[in-house]
Structures are given as structure tokens and as C-alpha cells.
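> No letters, just coordinates:
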């Protein structure tokens, strides 16, 4: 069988956190591809089972045919897989409004239900009023306001909490001092 010269490097077609799809080098094939310098040759352009944010080197060669030997490996193509994203931490914000205060909660983690609670305490620390709202999670959000006379409760505080269905906190509570308008 006749020898063949090594082809050029394969091209980068697409990539994800755990796979890379190559494009064939220039010229006539058939081509084979491998990961690294000692991986098994394959005819598929796609490599799966990879690790996020990791550097890999891919090579191509001309496959053996009835008339030609397989070529040596061509130059390598360096590809870094996509970095895995971490779901955003749940966020709770408590802001002053003209009518009192409003709490907003958002998260992108596990589905379920959550209870958003906003409580008003007077200057002595006594619970005066509480508002609650249950909402569904799964990339969801909830907003809840509590209305009160800021002048009457100046020196007090508003607190916001978010709990899941087992009453475990989903994030740190937030507090806001009540200031007279």
C-alpha cells in the first residue's frame, strides 16, 4: 500500500462543557480523529465525556484505504471546553417604598415552593405586622410588599425572610431600618 502525507489540523466546529465537535481538515478524506497523542482513532468528528473548562488536543490523519496506508497524525488543534456555570445563589432584597417596604426574592436553583415573609417591628422590637406569600421556585421569583406609616414606626425595622417548605432558610434574612419620611 502507498504511504500518505499527514493532513492539516482539524478545525473546531462547536463545543460544550462536555463535548467537542471538530471539522475535517482541508483536502480529500477519509479522515480519522483522536484525542491526545495516544487515544484511539475514530471516524466521528464528535468527542464526548469531556470535563468542563479543560484543554484538549485533537489530531487528524488520513484513514487507511484499500490502496493507501493510514497517514501519520497531523498537527494538533487545541480546544478548551466551555466552563460550567454555577446556578446563581438565591437573592433577597429589601427596599424602602413610599407605602412602606418591599421584599424581592429570586433564585435559579432547585424547584419547589418557598415562603417569603416580611415583618414590621416597632422601635421596641415588638412584632407589629407580618405579610406572607408562598410561591413556586424553579428559576422563579417572588415580590411582597408591606404597607405601614413610616412616621409612626420610625426607629423600628422591617425584616424579610425566605424559607422552603421544610422551614429551612433559602438565604440570609435582610433587615431595613424604618426612617421617618
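Looks like it came in fine. None of these values were measured; they are calculated from a predicted model.

> Please pull out the lowest mean pLDDT helix or strand from the chain.
Ranking every helix and strand in the chain by mean pLDDT, DSSP states H and E puts strand 141-147 at the bottom, with a mean of 72.

> ok, now which ones touch residue 84?
17, 52, 53 (CB atoms under 8 Å, 6 or more residues apart in numbering). Placement of C-beta: from N, CA and C, glycine included.

> Thought residue 17 was touching the second one, still the case?
What it means is residue 52. Yes - using CB atoms under 8 Å as the test, residue 52 is close enough to residue 17 to be in contact (4.0 Å).

> Quickly list what's touching both of the two.
In contact with both residue 52 and residue 17: 81, 82, 83, 84, using CB under 8 Å, 6+ apart.

> Give me the contacts around the least confident helix or strand of the chain.
97, 99-107, 114, 116, 118-120, 129, 131-133, 135, 158, 160, 162.

> Swap in 7 Å and give it another go.
97, 99-106, 114, 116, 118, 120, 129, 131, 133, 135, 158 (CB atoms under 7 Å, 6 or more residues apart in numbering).

> Tell me the strands beside that strand, with direction?
strand 100-106 (antiparallel) (DSSP bridges).

> what's the strand it pairs with in contact with?
Contacts of strand 100-106 (CB under 7 Å, 6+ apart): 90-95, 114, 116, 118, 141-148, 150, 158, 160, 162, 176.

> Of the residues you listed, select the buried ones using a ChimeraX command.
The ChimeraX selection below is limited to those of those classed as buried (16 or more other CB atoms under 10 Å):
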select :90,91,92,94,114,116,118,142,144,146,148,150,158,160,162,176
